[in-house]
Structure formats: C-alpha cells, structure tokens
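Asker: sequence first, predicted coordinates after that:
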Amino acid sequence: MTATSPQMRLLIIEDDRESADYLVKAFREVGYVADLAGDGEEGLAMAEGGDYDVLVVDRMLPKRDGLSLIGALREKSNRTPVLILSALGQVDDRIKGLRAGGDDYLPKPYSFAELLARVEVLSRRNVGPVEETTYRVGDLELDRLSHRVARGKDELTLQPREFRLLEYLMKHAGQVVTRTMLLENVWDYHFDPQTNVIDVHISRLRSKIDKGFDRPLLHTIRGAGYMIRDGIR
Amino acid sequence: MTAFGKLIRTTAFRLTLVYLFLFALFAASLLAFFAWNTRRLITEQITITVNAETSEITAIYNRRGLRGLVSAVDGRALRPGANLYLVTTLAGRAIAGNVGSLAPGVMGTEGWSETGYRRLEDTDNADHRALVLVSQLDGGFRLLIGRDLEERRRLFGIVAKAAQWSILVVVVLGIGGGIFVSRRVLQRIDAMTGTTRRIMAGDLSGRLPVGRSGDELDRLAENLNAMLERIEALMAGLKEVSDNIAHDLKTPLTRLRNRAEEALAKSRCEPEYRAALERTIEESDGLIRTFNALLMIARAESGQARGNMDDFDAAEVAHGIHELYEPLAEEDGMTLRVKTAPAPVHGNRELISQALANLVENAIKYGKPVAGAQGSVVSMDARQILIEARREGTSVLLSVTDHGAGIPERDRKHAIERFVRLDSSRSQPGSGLGLSLASAVTILHGGELKLGDAHPGLAATLVIPARDGLAAPAQDVPQKVA
C-alpha cells in the first residue's frame, strides 16, 4: 500500500502508550509521518501548531476528552479531517462523535487495515476538495450527472445501487475501501452483517464491469477490502 | 443499641407515649371539672342553709326579742353536728353561740366570708375553716351563722387522690401496653431483619415470614417477598447469561490460544505462520462480532437506545434490507421477495434494520427447503423468502417468511434466548445472537418478536407499535411488490 506523495503527516492522539506506539510504527511503515500526543491538551496544542493531513483522536483522553478537543479545533476554523477512535461503538455514540465535528468514527477494536483505509480516504479529501463530475479509471468511465457508465466503447447498464457502489469505489480509486466503509457509505447501515453480503454485491458489479475484458479493474485486497485501479499502474 | 434502647425507639412505643400524655391530660381535666363542680354545689348548699337559718333566727328575734334569740341560738348550738352560731353585742361581746374564737375582724364585716375558727367545746389545736354569714340585727346586735368547710376539704382530698391514682394507673398501663405492642412489632421486624441479612449475605432463596393476620406488616412482607421472587428470577437469568457468555466467549478464545500455541510449536516456514496468524485474526473478528452483538442487546434491553428514535416508514426498511440481501439470497439459490404497505413507526431505524437483517440472514441460512416426505422435487415457491411490511390495527408487522424446516413450537421460546443454536443449526456459523437481538429491539420499541409456522417453514415477525396519530391505511392502498 502506498501513501500518496508528498508524505502524509498524521497526528495520533491516544493515551494508551502501547496501542499508540503500535499505530505510530505501523503508519511509519507505510510511509506516513506520524506524530504522537499522549493527552488532550498536548494533542490540541500540536494539532493547532503542526500542519497535519489527518488527526486520529481517541475519544477518551486525560486532561481534555476527544470530543471537546475536536470542538475547540473547529471553533478556531481548523478543518483538518479527524478520525475518532472509540471503545464506545454504538450507533448513538457514533452520531455524537460526528456531530462534535469528527469526519469518521471507528470503534475499537479495529484492524489496522480498516484504520489505514479510512485515514487515506479522509486525507484525500483534504488534498482535493473538488468534486469531479466524471470519474475515470483506465477505460472505465462514470458520469455522475447523466448516470452513464461505459467501459471502452461498451455502455454498461447498472442498477441504481450498483451505480452508487461503483461511484464510491471510483471516487476513491487507487485506495483500499473496506467492506464496512462500503456498508456505511453506500447503504448507510452501521451494523455488522454476519454474512458476506457486500462480497456478493461486489462480485455482481465485477461481472458487469470486468467480465469479458482482459484487464480487471476491481481488485480484492486480502484482509482489507477492495480497490478499483488501472492494473498497469 | 441495647434491647431497651431499641424498644423505646420503636414507632409503636413513641405513639404510645403520645397517646399516654393525651389521655392523662384528658383524665386530669375531667377530674378537675368534676372537683370544681362539686365544690360549687357544696358551697351553694351551705349558702342556702345558712341564709334560711339566718332569716329564721332573725324572725325569732323580731318576734320574741333578745331572750328568744339567745335561747333559740343556744338551743341550736347544742345539737350534734350543729352549724356555727354567734351573737354579739354592739361592743362585740359574745352573748350566745358555740364559737370560741374567730379570725379578727370577721364580726365587723357584714355579709359572706371564709374564716378560721374554734368552737367553745374544742380542746385540740386543730385549725377549722368555715363559711359564715354575718348580719346586723335591730338594737345593735350581730348574728353570725356559718358552716364548717371540712366536708368540702375532704371531698377535694378524695378527688385529688383519685386523680393521683388514676394518672398512675394510666401511665403504668400505657407504658406497659406500649412495651407489649412494641415488643411484638419489634419481634416481627427483627425476624424480617434477620431474613434480609441472610438474603444480603447471598442466600436469595430466603423469604420473609408472613403472618395470618393480613395486617400492614404482613402486606409489606408479602410485597417484599414478591420483590425477592423477581430479583431471584433476574439473578438466575443473569447467571445463565453470564454462564453462556463465558462459554461462548471462552470456547473461541481457547481455540484462538490453541492455534497460536500450535503455530509456535509446529510451524516451520513463513506461509505456515502466515496462515496461522490469518486464522487467529479471523477468530478474533468473530469474537469481536459476538461481543458487539452482546453489547447491543444489553443496550437495547436497558433502553439506552431510546434517544435515537424518529418517524419513518418500516416499508422503506423492508425495501432497503431486501435490496441489500437479494444478491446473497440468489447466490444461495433462494429468491428474496418483498411486499409492503405503508407502515409508519416511531423508532430507531438502524436497530430495526439490523433486527430485520438478522431475520433475513437466518432465513437464508436455515430456510432452505427440506426434501418432502414424498421426496418430491422442491418447487421454486419453496425456495422463496418473503419480507413483508404492513400495518395491522395499532401494530406494524415486519415479517420474514421462509419455507425451510421451521422451528418446532416447543422450541420457539427457547430459540429467542441468547446463544441458543438449535441442534439443527449447530454446524452453521453464527453467534446465536440474531434472534435475541431482534427480540431485544422489539422489546425496546414496546413490541415483541413472534415466531410462527409458515406450513412449512418459519414466519418470524417483528411486532412494533404503529406511530400514533395515523389512521390505518385504507383497503385500496396499492401494495408495492418487488
């Protein structure tokens, strides 16, 4: 997995030393510049001073809790994307977190792949705020206004939900998108299905956009999720 | 606290003291009223007698002169138990009567007065008192007629003594009664306290003694016993749940540990380590899912999710879940269909969606048709799962019907319990929490989860109260069928 260059700067605000060290190490391994703050006050000072692409904030912190930290940042018009980590994983906690100004919410325990995928998607938002009307990956083209999808010269017919699924994947082309992210962003459900329901939707989509073409565009990333990209790159 | 200290601190005893005081006050005032009235009566009697005699003797004097007066007074004065008589001259010298001495100045004032006196024949030094009337006769003589007040004093003594005794008796009886009543109450309270101590020490099967009288203490004990009954049932449920949690979390944890151990001991090369680690992660993901489901059930059951409720149409939820699961069902060789009519509810959309999703997942997993007794070919209809949303009276029904083996009636209640996987489904993956979560969600919304027979198959229905203020849909509302 490659981080987009130039190097992404990440601030992790987490009071549990062990998981903080693990996160810093894991993010540095995939090419991030990762800084660490151990409590809410320190985190707020560092977030205000440093120019970070994404903040990863634990919800319960000593000295100043995560939500109030985010509130203070937003009050000062600091728009740095924030991902909230929390042991409170219920729907209403999530809503509270997003209302406080967080951009994404990930309940503990999480897999690093999930966290990384979400951080990458968040930081992208910081870099390019422009919403394009047409997405292109290889010879696959999706027009968001006319809802037309074509691969090469062939026009593809997609169901509305398949269109939204592809749209989300293409918006984050070149980035890993997890099953949970798809369920949250395409279907707006925040529960955890016990079955591989997303995989079936993906394989349906795949049969429409990749079947009969030499170069597959929709890839399965083991242990993480899916990614759409031009195979050559 | 000493036993006596405990006794006098009881409510019964304190009430006794209050009543005792009030009763003593009442008795005292009754006696005082009686004494005062009697005294007034005696004084009146004396006044009448003395007045009558004075006018009698005045008449004798007027008719027969001084001689007649003296003989009449002396005659009367000698009778046993006689009144007091005294006749004096203008100079104050006594000329007739039975009075030896008087308080000074009594003869000088005309009219009624009370005085100490001594009779002529008295030899003791005792002090007597009398009520006397002094009147002026023609010729400068003065006549005193009076009556001893000994009688009145004695009566007053009797009343005072009666008061003393009766108050003493009231106090003794009252305190005794108070102690008696308090001790009875205290004994029962002590029995109750003893039982509650045992219960607090952990013996939840203990019950308070209930008497036969049906008084307030018995009623209290009965209610407390009912409460204990409920607590014991809850505790038993809790214990069962925690036993189940321990079992269902410990089993995968053990597997997890065994796997890691095995990998450490046996793996030789990187791919083997990798495979072992991947299985470990899979296993822990399963654990996390189970844990999340448990937390969610706990939250739904405790009513914490009540904050996130809004108004929506359950038919939309049915369509959403149908849309999400339709490909999965198809992949499994089933058909997922949806049929809805407007079904307005007030609730937590996310939770209701999840409950319905659980039912659909169950139907896909367990709802595959079993070969009939005749071994007939399974028809397409039997492979159909139907999601239905509609309103019925004051309830909204969200049901999922399959045509699989179903659940025998005797197992249905059991199937909703946590971690229960009926024997037929043990081999299938799953946490065994799907139905419990669905049930907890309906209970949170004030409804229930109903499991019925679809002949053959299972009809699982989420019954949720319909949103208030909306009339039942008219008959001709078009049904959306997908």
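Answerer: Received, thanks. Residues are numbered from 1 along each chain as shown, chains lettered A, B, ... in the order given.
Asker: mind checking the SS state of the closest residue to B:Leu7 other than its chain neighbours?
Answerer: Nearest residue to B:Leu7 in three dimensions, chain neighbours excluded: B:Ser182, at 5.4 Å (C-beta to C-beta, 6 or more residues apart in numbering or on different chains). Using the backbone N, CA and C atoms, a C-beta is placed for each residue, glycine as well. At B:Ser182, secondary structure determined by DSSP: H, G, I helix; E, B strand; the rest coil is helix.
Asker: burial count for B:Ser182?
Answerer: 22 (other C-beta atoms under 10 Å in any protein chain shown).
Asker: got it, and A:Gly152?
Answerer: Residues lying near A:Gly152 (other C-beta under 10 Å) number 10.
Asker: give me phi/psi at it?
Answerer: Main-chain torsions, A:Gly152, degrees, to the nearest 10: phi 60, psi -120.
Asker: wait, what's in contact with the residue nearest to B:Leu7?
Answerer: For B:Ser182, the contact set (C-beta atoms under 8 Å, 6 or more residues apart in numbering or on different chains) comprises B:7-8, B:10, B:12-13, B:16.
Asker: tell me the one of those residues nearest chain A?
Answerer: Within the contacts of B:Ser182, proximity to chain A (C-beta to the nearest C-beta) peaks at B:Thr10, which comes in at 50.5 Å.
Asker: can you give me the neighbour number for that closest one?
Answerer: For B:Thr10, the count of nearby residues is 19 (other C-beta under 10 Å).
Asker: and it, its phi and psi?
Answerer: Dihedral angles (degrees, to the nearest 10) for B:Thr10: phi -70, psi 150.
Asker: I figured it hits B:Arg188, correct?
Answerer: No - at 11.0 Å, B:Thr10 does not count as touching B:Arg188 under the criterion of C-beta atoms under 8 Å.
Asker: looking at the contacts of B:Ser182, which are in helices?
Answerer: Secondary structure assignment by DSSP state H places B:7-8, B:12-13, B:16 of the contacts of B:Ser182 in helices.
Asker: weed out the non-buried ones from these.
Answerer: Taking 16 or more other C-beta atoms under 10 Å in any protein chain shown as the criterion, what is buried in these is B:7, B:12-13, B:16.
Asker: what distance do you get for the residue nearest to B:Leu7 to B:Ile167?
Answerer: 22 Å (C-beta to C-beta, to the nearest Å).
Asker: what about the strands in the chain?
Answerer: All of this is about chain A. A:9-13, A:33-37, A:54-58, A:82-86, A:104-107, A:134-137, A:140-143, A:148-151, A:154-156, A:177-178, A:218-221, A:225-228 (DSSP state E).
Asker: wrong one, chain B
Answerer: B:84-88, B:94-97, B:99-102, B:111-119, B:128-136, B:142-148, B:310-313, B:335-340, B:344-347, B:384-392, B:395-401, B:448-453, B:458-465, B:480-481.
Asker: quick one: mean pLDDT over the third one.
Answerer: Averaging the model's pLDDT scores along strand B:99-102 yields 81.
Asker: likewise for the last one?
Answerer: Mean pLDDT, taken over the full extent of strand B:480-481, equals 52.
Asker: one more: the first one?
Answerer: Across strand B:84-88, pLDDT averages out at 88.
Asker: kindly report the same for stretch A:85-104.
Answerer: 79.
Asker: buried residues, it. List them.
Answerer: A:85-86, A:88-94, A:96-97, A:100-104.
Asker: before we move on, what about stretch B:31-43?
Answerer: So stretch B:31-43, judged by 16+ other C-beta under 10 Å, has buried residues B:31, B:35, B:39, B:42-43.
Asker: other residues contacting it?
Answerer: Contacts of stretch B:31-43 (C-beta under 8 Å, 6+ apart): B:131, B:151-152, B:155-156, B:159-160, B:162-163, B:166.
Asker: for stretch B:200-212, same thing?
Answerer: Against stretch B:200-212 from outside (C-beta under 8 Å, 6+ apart): B:188, B:191-192, B:195-196, B:198-199, B:217-218, B:221-222, B:224-225, B:228, B:231-232, B:235.
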